[in-house]
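Peer 1: Sequence first, then the predicted structure:
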Amino acid sequence: MAIFFPLFAVIIWAINAIVNKLSAGAIDPAAISFYRWALALAVMAPFILPGLIRNRANIYPNLGKLLVLGVLGMALYQSLAYYAAYTISALTIGIFVSLIPLLTVLISIIVLRTPPTLGTVLGGILSFCGIVWLISGGNPGQLLQMGVGKGELMMLAAAISYALYGVLTKRWAIPLTSWQSLYMQAFFGALVLLPNFLMTEDVALNATNIPLVLYAGIPASVLAPYFWIHGVMKLGANKAALFMNLTPLFTAIIAITFLHEPLHSYHIIGGGVALIGVILAQRLRTPIGKRKG
């Protein structure tokens with residue numbers, strides 16, 4: 001059935017939030033960020049490179065755009081998540097990831113001149129309140145005293161980066177197949193990550209971190225995009241996007257079961273309110289001020 005394509009993709013990405021957390025302390029973020037895309041490129045090369053070479057006439061005029069997309073979607077988004085995992089839980093990472101659809105809508109208003117909707121306004125307010133409740137541990141007043149944690153700020157920046165990536169992908173409509181575009185973006189992502197990788201002292205692979213690199217490089221970077229692309233083709237982008245709302249649920253189940261992370265009331269309340277905001281932004285699409293004829 002068509003619904004299994006985006007469902008499998010979301011499950012793989014939810015597990016990847018657990019991999020992000022497990023990588024903290026097991027491998028330097030600079031190392032796993034680079035290894036991930038280097039491995040993905042090696043796996044995809046036999047299938048993608050021949051067609052990419054034949055289509056090179058469409059690549060050269062769009063190198064700058066592909067570089068920007070690679071930086072936003074592959075380098076920044078993933079790297080920030082690995083660094084954030086040092087100070088926040090996998091469950092919190094999953095909740096921030098679930099904000100990406102809402103952030104995409106908000107950025108589209110600016111970049112694509114998309115008219116704001118009632119869902120955007122209500123959803124944005126609800127999601128903001130939910131995230132404030134979450135990162136304050138159910139005590140918003142303490143944010144005035146302690147401020148927002150570094151890990152939360154990194155994940156917010158990561159989510160914004162990926163949302164902007166999605167908006168620019170739609171705006172530019174680069175004349176490459178989905179896989180060819182993904183390969184070029186991964187190439188530029190790895191290229192941008194290379195200097196930091198070379199300057200990092202300990203990038204050694206061992207029995208502990210190799211499984212993490214393998215999961216990040218193949219299921220999360222190759223299989224999940226494969227399932228997601230096919231899901232969008234069969235269901236349409238709007239219906240497929242709704243499956244992203246399941247990310248925090250799957251992440252919570254896996255984190256609690258395998259990492260034994262505690263589930264607090266502020267996770268349920270904050271994450272739930274934020275998720276309701278995302279759903280409202282997706283479902284209430286009537287532009288503000290539009291009159292019924």
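Peer 2: Yep, it's here. Worth saying up front: this structure is predicted, and the values here are computed from it rather than measured. Numbers count the residues shown, from 1 in each chain.
Peer 1: how deep is Leu118 tucked in, by neighbour count?
Peer 2: When neighbours are counted by other Cβ atoms under 10 Å, Leu118 registers 16. Backbone N, C-alpha and C define where each C-beta goes, glycine included.
Peer 1: So it is in contact with Ile125, correct?
Peer 2: No. Between Leu118 and Ile125 there is no contact under Cβ atoms under 8 Å: 11.1 Å.
Peer 1: Let me know the next secondary structure element after the strand or helix carrying Glu152.
Peer 2: Assignment of secondary structure by DSSP states H and E places Glu152 within helix 150-172. The helix or strand immediately downstream of helix 150-172 is helix 178-199, counting by DSSP H and E.
Peer 1: Touching the very next helix or strand once past that following helix from outside, list them.
Peer 2: Going down the chain from helix 178-199, the next helix or strand is helix 210-217, by DSSP H and E. Contacting residues not belonging to helix 210-217 are listed as 15-16, 19, 22-23, 26-27, 32, 35-40, 43, 205 [Cβ atoms under 8 Å, 6 or more residues apart in numbering].
Peer 1: Selection in ChimeraX covering whichever of those are buried, please.
Peer 2: Listed next is the ChimeraX selection for buried residues among the contacts of helix 210-217, using 16 or more other Cβ atoms under 10 Å:
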select :15,16,19,22,23,26,27,32,35,36,37,38,39,40
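Peer 1: Quick check: helices, which of the contacts of helix 210-217 are part of them?
Peer 2: The helices, defined by DSSP state H, take in 15-16, 19, 22-23, 32, 35-40, 43 from these.
Peer 1: give me every residue that touches Val19.
Peer 2: With Cβ under 8 Å, 6+ apart, Val19 has these contacts: Leu212, Tyr215, Ala216, Ala220.
Peer 1: JSON lines please, covering the ones in helices among the contacts of helix 210-217 and showing pLDDT and distance to Gly137.
Peer 2: As requested, those are exported to JSON lines (pLDDT from 0 to 100; distance: Cβ to Cβ, whole Å):
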{"residue": "Ile15", "pLDDT": "92", "distance to Gly137": "26"}
{"residue": "Asn16", "pLDDT": "91", "distance to Gly137": "25"}
{"residue": "Val19", "pLDDT": "93", "distance to Gly137": "25"}
{"residue": "Leu22", "pLDDT": "92", "distance to Gly137": "23"}
{"residue": "Ser23", "pLDDT": "94", "distance to Gly137": "24"}
{"residue": "Ile32", "pLDDT": "95", "distance to Gly137": "28"}
{"residue": "Tyr35", "pLDDT": "96", "distance to Gly137": "34"}
{"residue": "Arg36", "pLDDT": "95", "distance to Gly137": "31"}
{"residue": "Trp37", "pLDDT": "96", "distance to Gly137": "34"}
{"residue": "Ala38", "pLDDT": "96", "distance to Gly137": "38"}
{"residue": "Leu39", "pLDDT": "97", "distance to Gly137": "37"}
{"residue": "Ala40", "pLDDT": "96", "distance to Gly137": "36"}
{"residue": "Val43", "pLDDT": "95", "distance to Gly137": "41"}
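Peer 1: Format the residues you listed as TSV; extra columns: distance to Leu259.
Peer 2: Output for the ones in helices among the contacts of helix 210-217, formatted as TSV (distance: Cβ to Cβ, whole Å):
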residue	distance to Leu259
Ile15	11
Asn16	13
Val19	11
Leu22	8
Ser23	12
Ile32	17
Tyr35	22
Arg36	20
Trp37	25
Ala38	27
Leu39	24
Ala40	25
Val43	27
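Peer 1: Can you tell me which of these is nearest Leu156?
Peer 2: Among the ones in helices among the contacts of helix 210-217, Asn16 lies closest to Leu156 (Cβ to Cβ), at 18.2 Å.
Peer 1: wait, the closest one sits on Leu223?
Peer 2: No. At 10.8 Å, Asn16 does not count as touching Leu223 under the criterion of Cβ under 8 Å.
Peer 1: residues making contact with the host helix or strand of Tyr226?
Peer 2: Using DSSP H and E, Tyr226 sits in helix 224-235. Defining contact as Cβ under 8 Å, 6+ apart, one finds that helix 224-235 is touched by 2-3, 5-9, 12-13, 16, 178-179, 182, 240, 243.
Peer 1: one step back: ok, of the ones in helices among the contacts of helix 210-217, which one's closest to Ile109?
Peer 2: Nearest to Ile109 among the ones in helices among the contacts of helix 210-217, with distances taken as Cβ to Cβ, is Asn16, at 29.0 Å.
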